[in-house]
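K.L.:
Have a look at this prediction, sequence included:
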Amino acid sequence: MLVELFYFDGCPGHEAVRRRVRAVLAQVGVGAQVRERRVETDAGAQRERFLGSPTVRVNGVDVDPDAGGRTDYGLKCRLYRTGDGLAGAPPDEWVRNAVQRALGGAGS
């Protein structure tokens, strides 16, 4: 399983999301490494389909269920539209669901 954390230098949420993703992996019992991918240029953001920092992907798929239809790539801080409003990080539940889908288990 490949878990990636995309970010740009200076992102205020990068460290916190890294810790949260690792905690979710531990809760699910997955020993996957979190591969950090720094995005440095707008061209890199376009190439990586980078929706902003931080972005978490599991096996190449964004943990945000609504990310597939977006094309607003660029070097920016990312906001997630959650059931509780806008957030600077994906909810743990999204990360957990993405990991479970990658493992072939339940999750939505």
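P.N.:
Sure thing, it's come through.
K.L.:
what's near enough to touch residue 87?
P.N.:
When the contact criterion is Cβ atoms under 8 Å, 6 or more residues apart in numbering, the partners of residue 87 are 79, 80. For the C-beta atoms, the positions are set from N, CA and C on the backbone; glycine is no exception.
K.L.:
Correction: the previous question concerned residue 24.
P.N.:
Residue 24 makes contacts with 92, 95, 96, 99, as judged by Cβ under 8 Å, 6+ apart.
K.L.:
Show me which of these is closest to residue 75.
P.N.:
Minimum distance to residue 75 across the contacts of residue 24 is 22.8 Å, recorded for residue 95 (Cβ to Cβ).
K.L.:
Emit the ChimeraX select command for whichever of the contacts of residue 24 are buried.
P.N.:
Here is the ChimeraX command that selects the buried residues among the contacts of residue 24 (16 or more other Cβ atoms under 10 Å):
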select :95,96,99
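K.L.:
Of the contacts of residue 24, just say which sits nearest to residue 30.
P.N.:
Looking at those and their distance to residue 30, the nearest is residue 99, at 5.9 Å (Cβ to Cβ).
K.L.:
Other residues contacting the one helix or strand the closest one maps to?
P.N.:
Assigned by DSSP states H and E, residue 99 belongs to helix 92-102. Contacts of helix 92-102 from elsewhere in the structure, counted by Cβ under 8 Å, 6+ apart, are 1, 3, 20-21, 23-25, 27-28, 30, 32, 56-59, 61, 63-65, 106-108.
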